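Trainee: Here is the input, now give the coordinates:
(one chain, ligands or ions: 1)
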Amino acid sequence: MINKNMKKLMTEWRNFLQEEMKVVIGAAKDFVCPPATQDLKLNTKNRDAAIHAKHIKYGPLNVGEPGDYWKDIAKYWDTTEEAAKKSNCGNCTAFDISPRMDECMPGVTSDDDGRLGYCWMHHFKCHSARSCYTWAKGGPIKEDSVSYEWQERNDFGDK
Ligand code: SF4
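Mentor: Numbers count the residues shown, from 1 in each chain. The predicted model follows:
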């Protein structure tokens, strides 16, 4: 009788473990690191596209020497330069600095001007001190759960 109960318990336990493994494997498959965080060429391609696209204009190239970048973006938004400077990747809704995304980032993510994060709108590693025409308030993304939600809504395609 004890043996029979033990056998039943073992079978139930094995089934439970198999189900759990399926969930873990499924989650890992769905939430791989965004390709641009792992592929420098792809990241550069997406970043350059974001710099040159007239509706994005990611910049400034040199945060310390921004030239007319903030003046131009302030004009685009019909606001002041000061207000424009406060609307940067660092507080954009698409800027992902969640712990799971930090794990995806190769190498150092911070410097004297700020830090790198992943841009879910244009798919490259952008810098908190820069900005672009498609900035939207509400960021940054700090929670893994929010990062996964963005990923669920994204089809990387060739990005
Ligand atoms: S994080 Fe926001 S502001 Fe920065 S490049 Fe992406 S969309 Fe533009």
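Trainee: tell me the domain ranges of the chain?
Mentor: Using automatic domain parsing, the domain parsing of the chain gives 1-30, 34-153.
Trainee: Give me whichever of those is most buried.
Mentor: domain 34-153 (a mean of 17; mean count of other C-beta atoms under 10 Å). Heads up, the C-betas are built off the backbone N, CA and C, glycines and all.
Trainee: Span of it from start to end?
Mentor: 13 Å (C-alpha to C-alpha, to the nearest Å).
Trainee: mean confidence for it?
Mentor: For domain 34-153, mean pLDDT rounds to 96.
Trainee: Spell out which parts of this protein neighbour the ligand.
Mentor: Listed as neighbours of the ligand in the chain under the rule C-beta under 6 Å from any ligand atom: 50, 58, 89, 92, 94-95, 119, 121-122, 126, 131-132, 134-135.
Trainee: Including secondary structure, could the residues you listed go into a markdown table?
Mentor: Output for the residues of the chain next to the ligand, formatted as a markdown table (DSSP: H, G, I helix; E, B strand; the rest coil):
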| residue | secondary structure |
| --- | --- |
| A50 | helix |
| Y58 | coil |
| C89 | helix |
| C92 | strand |
| A94 | coil |
| F95 | strand |
| C119 | strand |
| M121 | coil |
| H122 | coil |
| C126 | strand |
| S131 | strand |
| C132 | coil |
| T134 | coil |
| W135 | coil |
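Trainee: between those, which is nearest W150?
Mentor: Taking C-beta to C-beta as the measure, A94 is the one of those closest to W150, at 7.6 Å.
Trainee: how much space is there between K71 and the ligand?
Mentor: 17 Å (C-beta to the nearest ligand atom, to the nearest Å).
Trainee: And for stretch 44-61, what's in contact with it?
Mentor: 36, 66-67, 69-70, 72-73, 76, 119, 122-126, 130-134, 159 (C-beta atoms under 8 Å, 6 or more residues apart in numbering).
Trainee: swap the cut-off to 7 Å and go again
Mentor: 36, 66-67, 69, 122-124, 126, 130, 132-134, 159 (C-beta atoms under 7 Å, 6 or more residues apart in numbering).
Trainee: Point me to the residue sitting closest to the centre of the protein.
Mentor: Y118 (3.1 Å; C-alpha atoms, centre = their mean).
Trainee: Just to be sure, it is in a helix?
Mentor: No. Counting by three-state DSSP, Y118 falls outside a helix, being strand.
Trainee: Not including adjacent chain positions, what is the nearest residue to it?
Mentor: D96 (4.3 Å; C-beta to C-beta, 6 or more residues apart in numbering).
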